[in-house]
Each structure stands twice: as C-alpha cells, then as structure tokens.
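# need a structure here:
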Amino acid sequence: MPSNTKYIFVTGGVTSSLGKGIISASLAKLLQSRGYAVTIQKLDPYINVDPGTLNPYEHGECYVTNDGAETDLDLGHYERFLNVPTSQANNITTGRIYQTVINKERDGDYLGKTVQVIPHITDEIKRRIKLLGETGDFEIVITEIGGTVGDIESLPYIEAVRQMKWEMGSDCMVIHLTLIPYLSAAGELKTKPTQHSVKTLLEYGVQPDVLVCRTEHHLSKDIRRKIALFCNVQVNAVIESIDASTIYDVPLLMMKEQLDKVVLSKLKLSNRHDPDMEHWKAFLGKMKNPTSEIRIGLVGKYIELKDAYKSIAEAIIHAGVSNECRVNVEWIHSEKVTKENVQDLMKNLKGIIVAPGFGDRGIEGKITAIQYARENKIPFLGICLGMQCAVIEFARNVLGWKDAHSTEMNPNTKHPVIDFMEEQKKITAKGGTMRLGLYACKISKGTKALQIYGKSNITERHRHRYEFNNKYLNQFSANGMMHSGVNPVNELVEMIELRDHPWFIGVQFHPEYKSTVVNPHPLFVKFVKAAMEHSK
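So this is what the prediction gives:
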C-alpha cells in the first residue's frame, strides 16, 4: 500500500440522516480544490449484497456507476460534488463482506481455522477500505460509515476503524458527525446527546479527531469549549454545521469553519494552496439569483420519498443554473393521473419528465401523461421506463395497436413493443441481471439528439432489463418516431424522438447519473431551455 495515502473515516451519532454524505462530499471538494486527489467510499451496514433489489421507499434511488455497480445514493453526491467517477470499490455492504468471507471459507482459504468477526470480517473490511488507496490514483480516501454509532450492524466497521487507527497512526483520522439539539422550552442548545455519542464511540476504542455538529443555531465559544472538554478534542476541531438552504452551500460553510485546514493538520499534510472555489461560488450565485422561472412536472410512482429520484432532482437544479432559471418541480404521482384529470394536473407545466421505475403500478398514468405532452406539444423527456412508456403510448394512439405493451407488464400482448433481450430470457435471479453501467450509443445525423450532444458517439449509464423491440422499428419510423440513437454493438435502441414535436425525447439510459455541478448534463440543460421557450 502506498505510504502516502491518508484515510479519513466519517461516522454518525445521535440520529441518522444528519448528512454524513454531504459532509464527506463537501470536505472532499475542499481538499480537491487545494490540489489533492480525493475519493469517497460508503460502507453500508445492511445485509443486502447491494441496493439493487431494495425498494426505493426503503433506501431512496439506486445509483449506478460506470462499471455497473448498483450503489447507495450517496455516491451520487460524491460524483456531483467532485466530478470524479466512482466504481464498485466505492460502495461496500455487510452482505458483500460476509459473502466474500463465506466463499473463502468454503474454498478452504482459512486452512481450517474458526472463522470469526475478528479477525476475518474486520480484515476483509480493511482490505476493501484500502483498495482505493492501493490504486495509486488517490492521496486521500474518505470513508463514510452508514448508520449510527451504537447500531449493532455497524460494530464490525467501527472495530475495523479502531484497528486501522492503531496500525496507521497519523495516516488515519476520524470525523464524528453529531447533533446539538435546540430545546425551545429551555431556549438553549444541548450538548449531552453529543457527549453520549462520543462516549459510545470511546467504548469501542475510537477517539474522534474532529466533531462536526449539526445545529439549527450558531454554537457559541462557550459551547464549543464545553464540547471539546467533554469529548476530548481540540476546540478548533469542534466544527459547526448549521442548517443550510441548499446542500451546495455546505462546502462553503465548511470552508468558513476551516474543516479542511483542521483535517490537513491532523493528517500532517501541507495546505498546498488556498481552496479554489470560484466556480462553486459562481454556481451558487446563479442558483440563488435566477433571471427566469418555470414549472415542470416529474411524473413517477415513488414521489412520496423525494430521494427515490435524487439524481433527477439534482440534474434539474444543475440544468436550471446553467440556464439561469429557477425550475420549480411539481411532483405528480403516476397512479393519480387519469384521462379525466390529466388536463387539470398538467395545464400549468412547461415541461414534463416521466421517471424510471419497475413494475406495472402507475404505468397507465405515465402513458396518459405522455399522450398529453405529445398532443399538446409540451417539451418531454422520458427516462428508461419513461422512454418505454412513450413507445407504448405511440404504438397505442398513433399506430392504433390498442393492446401494445411491454412484456414486463403484459406477457401476453400481441404487440410486445418493449421486450426482454433474448440472452436475458433464461435468467431467473433478480440481483445484478440487468444491462448495467456504461454503454456506447451512436447518434444519427439530422436528429435533435445530435444537436443536444454535439457529437455522434457518446456513452451513458444503464439500469434496465427490457428493450425496444426492433422488429417494430420500421412502423415506428414511418409514422414519425425516430430511433435517434442505437448501441453500435447490438443495435439496441438507446434514444427515440418525434419528428413533428418541438422537443420530445426518450432515452433508455439514465442521463441523471452523469450530471455534476461542473458538467450539467446536456439533455437536462436543453430540456429546461425548451421548457423556457415553451413558456414564452
């Protein structure tokens, strides 16, 4: 292992959902802006091998990396902040750790020894943590540990951190994210939950080096001194993380608190140069001072949990900033869209996105929304299942095949316009059996898609099982739905668009996964622009 790789662990206490992912991404952004090569990984304590089979209501969206790993949505934050792709090695679950250890035991790798949590599970955790450092690409690896200190599930991870701190000394440090609640009846901030959380961490043999304190009110010097005294950290290592209006404020708030300076000092690294955050400040300036405003609809079936469409929501923000426009998203439940109410639901929208998903719940509502967008010439973007629904809608209402469907929803349809890929018909297991990760797409000349991307050869990330059924290509094309992008290897349709519509595009891939603050995705940028033009 290269001796120059430093490791930072981010743990959470008191309560979940404090924003470990955003703090990790913000710190990484500051270190990157000082000239360090940084990556972030997430350790998830659940026993699922990956989040691919989890219901979005359970865990938010499943984020897909270039190499086809189905991962935690925090990896999306990491990529959006850092503009650096993540991989399979950036997300580790308890399920994957145990699966590896059990497979090794079955293969006789442990030479008949009793296999135990310590050392075998903790050794495998440490091996996975160090993989990114061993590539030689990164000087600093930030590892976020999911869950809350004290959870039975995360114990082996905390033990692995204790061992790494013991083995590596100042090449390793721990940031503990905690909560300082405000009691309105008493009119004061309370430090006791933080003290208890640190005490729990100390019981496991881990002394945090930095405390990041989530709070609704500013921390006074006295409170900082009290936390430092009771939690055994330096006063300058008690960092205030006050509630922000947007996650994109957090890197600048952490810079003001000098979190990056404290971290570099603990790791015995030089400051190199001041953080260059000018691009970030410009992004925030445009975000907070838009010159126009529009309303678009996002039609999906998991809208009760906004995290189910996290990457799409963030890609819309990036595209809005790029157009200096505030995009107000109306979240529309696809199960509630009917032919009778679609006009009322959609009449004020300047653009419509139909979201990805699996299964037949809410499918007819998506199809109805697409028909409305097509007939009323409203800018439309269909993503994955959203594209497939656009194909089904066109087949039913333009080609006149009233029973047209996807074999995912209706295996007996006479017009299976969306169908399984041949090689997948033999697969019965659900996990990791889709077209996953980066695939090439060749865009045809004379298409809107080519204008949007400005080049004919692109790559995009996928996560789906069903495809456009190529035996119907000619009928669709003859009636005005072009296949504007195809996979050059197996001729699968990647993009569709309508000839007689100002802006109607469906994509089989997930463009939202590649949108970042530095590089907003062109499809979203041009969709927002089209919606702005439609509003005029």
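# for residue 354, what are its contacts?
Residue 354 sits next to 299-300, 334, 366, 369-370, 380-383, 385-386, 389-390 when contact means C-beta atoms under 8 Å, 6 or more residues apart in numbering. Backbone N, C-alpha and C define where each C-beta goes, glycine included.
# For residue 410, grab the count of nearby residues.
16 (other C-beta atoms under 10 Å).
# Now go through the contacts of residue 354 and say which are in strands.
In strands, defined here by DSSP state E, the members of the contacts of residue 354 are 299, 300, 380, 381, 382, 383.
# just checking, what packs against the host helix or strand of residue 228?
Assigned by DSSP states H and E, residue 228 belongs to helix 221-231. Packing contacts for helix 221-231, counted by 3 or more C-beta pairs under 8 Å, 6 or more residues apart in numbering; DSSP states H and E, involve helix 192-203, strand 210-215, strand 238-242.
# tell me which element the residue nearest the centre of the chain falls in.
Against the mean C-alpha coordinate of the chain, by C-alpha atoms, centre = their mean, the closest residue is residue 76 at 2.8 Å. Element membership for residue 76, per DSSP H and E: helix 74-82.
# residue farthest from the centroid of the chain?
Going by C-alpha atoms, centre = their mean, the residue of the chain most distant from its centre is residue 112, 41.4 Å out.
# so where is the stretch 401-536 of the chain shaky, pLDDT-wise?
The stretch 401-536 of the chain contains residues with pLDDT under 70 at 421-433.
# which residue ranges form the strands in it?
In the stretch 401-536 of the chain, the strands defined using DSSP state E, counting those that start in this stretch lie at 405-406, 416-420, 435-443, 457-464, 466-468, 481-486, 493-498, 504-507.
# Spatially nearest residue to residue 71 (excluding sequence neighbours)?
Nearest residue to residue 71, sequence neighbours excluded (C-beta to C-beta, 6 or more residues apart in numbering): residue 91, at 3.8 Å.
# residue contacts, the one you found?
Applying C-beta under 8 Å, 6+ apart, the residues near residue 91 are 41, 42, 44, 50, 69, 71, 72, 75.
# Mind doing that once more with 10 Å?
For residue 91, the contact set (C-beta atoms under 10 Å, 6 or more residues apart in numbering) comprises 41-44, 50-51, 63, 65, 69-72, 74-75, 78, 128, 144, 146.
# Quick check: the farthest pair among the ones in strands among the contacts of residue 354?
By the measure C-beta to C-beta, 300 and 380 form the most distant pair in the ones in strands among the contacts of residue 354, at 14.3 Å.
# Then residue 173 would be within a helix, right?
No: Residue 173: not assigned to a helix; according to DSSP: H, G, I helix; E, B strand; the rest coil it is strand.
# so how many other residues sit close to the nearest residue to it once chain neighbours are set aside?
Distance criterion C-beta to C-beta, 6+ apart; nearest residue to residue 173, sequence neighbours excluded, is residue 209 at 4.4 Å. Neighbours of residue 209 under the rule other C-beta under 10 Å: 23.
# before we move on, the earlier item: in a markdown table: the ones in strands among the contacts of residue 354, plus neighbour count and pLDDT.
A markdown table is the format used below for the ones in strands among the contacts of residue 354 (neighbours: other C-beta atoms under 10 Å; pLDDT from 0 to 100):
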| residue | neighbour count | pLDDT |
| --- | --- | --- |
| 299 | 30 | 95 |
| 300 | 27 | 93 |
| 380 | 29 | 97 |
| 381 | 29 | 98 |
| 382 | 28 | 97 |
| 383 | 26 | 96 |
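# Which one of those is nearest to residue 13?
The nearest one, if we look at those relative to residue 13 and count by C-beta to C-beta, is residue 300, at 33.4 Å.
# my guess is the closest one meets residue 353, correct?
Yes: here residue 300 reaches residue 353: they are 8.6 Å apart, a contact under C-beta atoms under 10 Å.
# what do those two both touch?
By the contact definition C-beta under 10 Å, 6+ apart, residue 300 and residue 353 are jointly contacted by 309, 312, 332, 383, 386.
# any chance of the helices and strands packed on helix 221-231 in TSV, plus mean neighbour count, distance to residue 283 and mean pLDDT?
Below are the helices and strands packed on helix 221-231 laid out as TSV (neighbours: other C-beta atoms under 10 Å; distance: least, C-beta to C-beta, whole Å; pLDDT from 0 to 100):
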stretch	mean neighbour count	distance to residue 283	mean pLDDT
helix 192-203	17	32	96
strand 210-215	23	23	96
strand 238-242	22	20	95
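# who's in contact with residue 100?
For residue 100, the contact set (C-beta under 10 Å, 6+ apart) comprises 92, 120, 121, 124, 127, 128.
# ok, 6 Å please
Neighbouring residues of residue 100 by C-beta atoms under 6 Å, 6 or more residues apart in numbering: residue 124.
# Could you verify that it is part of a helix?
Yes: assessed with three-state DSSP, residue 100 lies in a helix.
# From residue 226, how far off is it?
From residue 100 across to residue 226, the span is 44 Å (C-beta to C-beta, to the nearest Å).
# Give me the pLDDT value at residue 298.
In this model, residue 298 is scored at 96, pLDDT.
# To what extent is residue 305 buried, counted in neighbours?
Neighbours around residue 305, by other C-beta under 10 Å: 15.
# can you pull out the strands in the stretch 251-400 of the chain?
Along the stretch 251-400 of the chain, counting by DSSP E, counting those that start in this stretch, strands occupy 292-300, 325-333, 351-354, 380-383.
# Return the list of strands paired to the third one, each annotated with direction.
What that stands for is strand 351-354. strand 292-300 (parallel), strand 380-383 (parallel) (DSSP bridges).
# residue contacts, the residue nearest to the centre of the chain?
Residues counted as contacts of residue 76 (C-beta under 6 Å, 6+ apart) are 63, 311.
# switch to 8 Å and redo it
Each residue near residue 76 by C-beta under 8 Å, 6+ apart is listed here: 61, 63, 310, 311, 314, 513.
# In contact with the second one, which residues?
For residue 63, the contacting residues are 70, 71, 72, 73, 74, 75, 76, 311, 513, by C-beta under 8 Å, 6+ apart.
# ok, now with 10 Å
Remark: with contacts taken as C-beta under 10 Å, 6+ apart, residue 63 is in contact with 42, 51, 69-79, 86, 90-91, 310-311, 461, 463, 510, 512-513.
# Now do the residue farthest from the centre of the chain against residue 105, distance only.
10 Å.
# what does residue 380 give?
53 Å.
# and if you look at residue 494?
According to C-beta to C-beta, residue 494 stands 43 Å off from residue 105.
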